[in-house]
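In: Structure of the sequence below:
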Amino acid sequence: MENKKIKKSALHEKAGIASPEIVSLNSVGQIQQFRKIQPSSKELIDGILSGNISALSRAITLVESTNSNHLAKANEVINACLPHANKSIRIGITGVPGVGKSTFIEAFGKHLTSLGKKVAVLAVDPSSSISHGSILGDKTRMEELVKDPNAYIRPSASGDTLGGVARKTRETITLCEACGFDTILIETVGVGQSETAVHSMVDFFLLLKISGAGDELQGIKRGIMEMADAIIINKADGDNIRKANLAKVEFNRALHLFPAKKSGWTPITSTCSAITHDGISKVWDAVEKFIELTKENHYFFEKRKEQNQYWMLETINEHLRTNFYNHPEIQKLLEDNKKAVQNDEISPFAAAQLLLETYFK
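Out: Next comes the predicted model:
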């Protein structure tokens, strides 16, 4: 019997390498000290504009930081990168957990790099509401794409942000564009409830579905289906091809129930297999046709303007919320009012009004 070579998972644990008996403590100290040195704003900007991935990663970490001391430096980097941004195609990819988003993105990303594209994948990982931690394991699930020199994968935690995207994903897109990436793929958490946030930062919104999971019924519901520019039924391989084709017909019928889009684009339905790569090229063909149409009728540029306005207002809301909760007097009053609300001494609405009046005074 011929022995078949079994492909090991990315999570396969390899035998460790023993440390040498003699280690220079002086060298270790120098390395640790070097890692602690924070690059200046100019160094980060110059690095990003020259395509340096390390500078890009450090800048994204700075932008994502909740430390108020990092805010001014992060804004300086973003403002310097803005004139070099807005030159990419932004694609949002969402779908329920288990639909195969990571596998699809790897196959799709490899197809794009084979066409000479530079692809940045911003993968958002769900955060635990209990421990507040995230696994951030998307790189291990995209084993081939992560090794591609024309691809960059950046996982981020969703935190307490709704809509399936991280709090700073919008700024991260700007940095990636300035670094030379011409195609940005944003993988959402796939919460299935509110994907408005990702829809407001991408040009093309792609919804992944699977057959045989009751998803056909969801097709007649408003919400996320109305936002989709393409519905792709993934895992159309093996015995599942027939079911996937049936699901495609059902979703195509459901799309006709919705009003015409402002973009003038008619959403498409298609099947694909991220494993065999069948149908992957058709997805990119659809994106190119969408971009061509929307640039021709100027919807593409109008939507970008609306998105910039939307994120200005969102940033104001975020800063007001942060300043409110970090105000020393509010922090003290908040604890007192929490106890009072728990003990039914004051209504939640009256307590909120009291806190707001105190803050605005």
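In: Can you tell me which helix or strand of the protein has the lowest average pLDDT?
Out: helix 215-218 (a mean of 48; mean pLDDT, DSSP states H and E).
In: Mean confidence (pLDDT) on the next helix or strand after it, please.
Out: The helix or strand immediately downstream of helix 215-218 is helix 224-227, counting by DSSP states H and E. Mean pLDDT, computed over helix 224-227, is 80.
In: got a list of contacts for the helix or strand following helix 224-227?
Out: Sequence order places strand 230-233 as the next helix or strand after helix 224-227, per DSSP H and E. Residues from elsewhere that reach strand 230-233 (CB atoms under 8 Å, 6 or more residues apart in numbering): 104, 204-211, 225, 244, 247-248, 251, 255, 267-272, 279, 283, 286-287, 290. The way it works is simple: take the backbone N, C-alpha and C, and place the C-beta from them, glycine included.
In: Stretch 102-122 too?
Out: 93, 123, 138, 141-145, 148, 150-154, 156, 166, 169, 172-173, 176, 179-187, 208, 232, 234, 272, 274-275, 277, 280-281, 283-284.
In: mind running it again at 7 Å?
Out: Stretch 102-122 is contacted by residues 93, 138, 141-142, 144-145, 148, 150-154, 156, 169, 172, 176, 180-187, 208, 234, 274, 277, 280-281, 283-284 when judged by CB atoms under 7 Å, 6 or more residues apart in numbering.
In: ok, now stretch 350-361?
Out: With CB under 7 Å, 6+ apart as the criterion, stretch 350-361 contacts 324, 327, 329-330, 333-334, 337, 340-341.
In: now that we have those, which one has the most neighbours?
Out: Using other CB atoms under 10 Å as the neighbour test, the contacts of stretch 350-361 are led by residue 337, with 20 neighbours.
In: Pull the CA coordinates from whichever helix or strand residue 77 is part of and hand them back as CSV.
Out: Secondary structure from DSSP H and E places residue 77 in helix 71-81. C-alpha atoms of helix 71-81 as CSV (Å, rounded to 0.1, in the frame of the first residue of the first chain):
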residue,chain,number,x,y,z
LEU,A,71,-3.1,59.8,20.1
ALA,A,72,-1.2,62.8,18.9
LYS,A,73,1.6,60.7,17.4
ALA,A,74,-1.0,58.4,15.7
ASN,A,75,-2.9,61.4,14.2
GLU,A,76,0.4,62.8,12.9
VAL,A,77,1.2,59.5,11.1
ILE,A,78,-2.3,59.2,9.6
ASN,A,79,-2.4,62.8,8.4
ALA,A,80,0.9,62.4,6.7
CYS,A,81,-0.3,59.2,5.0
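In: Check which helices and strands it sits against.
Out: helix 41-49, helix 53-64, helix 169-178 (3 or more CB pairs under 7 Å, 6 or more residues apart in numbering; DSSP states H and E).
In: and these, which is most packed in?
Out: Of these, the one with the most neighbours on average (mean count of other CB atoms under 10 Å) is helix 169-178, at a mean of 24.
In: partners of residue 206 in the sheet?
Out: Residue 206 forms beta bridges with residue 93, residue 230, as assigned by DSSP bridges.
In: Near residue 269, how many other residues are there?
Out: 21.
In: unless I'm mixing things up, it is touching residue 250, no?
Out: No - using CB atoms under 7 Å, residue 269 is not in contact with residue 250, being 8.9 Å away.
In: pLDDT value on residue 263, please?
Out: So, for residue 263, pLDDT stands at 90.
In: Near residue 119, how many other residues are there?
Out: 26.
In: Quick check on it: phi, psi?
Out: Residue 119 adopts backbone torsions of phi -110, psi 130, taken as degrees, to the nearest 10.
In: State the distance from it to residue 340.
Out: For residue 119, the distance to residue 340 equals 53 Å [CB to CB, to the nearest Å].
In: do the same with residue 104
Out: From residue 104 over to residue 340 (counting by CB to CB), the distance is 50 Å.
In: ok, now residue 314?
Out: Taking CB to CB, one finds residue 314 at 32 Å from residue 340.
In: Can you flag the buried ones in the contacts of stretch 102-122?
Out: 93, 138, 141-142, 145, 148, 150-154, 156, 169, 172, 176, 180-187, 208, 234, 274, 280, 283-284 (16 or more other CB atoms under 10 Å).
In: What is the distance between the helix or strand that contains residue 312 and the centre of its chain?
Out: Using DSSP H and E, residue 312 sits within helix 299-326. Offset of helix 299-326 from its chain centre (CA atoms, centre = their mean, to the nearest Å): 17 Å.
In: Show me where the stretch 1-150 of the chain dips below the pLDDT cut-off.
Out: Along the stretch 1-150 of the chain, the parts satisfying pLDDT under 70 run over 1-14, 18-23, 32, 34-36, 125-141.
In: What are the boundaries of the helices in it?
Out: Per DSSP state H, counting those that start in this stretch, the stretch 1-150 of the chain carries helices over the ranges 25-36, 41-49, 53-64, 71-81, 101-114, 138-141.
In: relative orientation of the next helix or strand after the shortest one and helix 101-114 in degrees?
Out: Stepping forward along the backbone from helix 138-141, the first helix or strand reached (DSSP H and E) is strand 151-157. If you take axes from the mean of the first three to the mean of the last three CA atoms, to 10 degrees, strand 151-157 sits at 150 degrees to helix 101-114.
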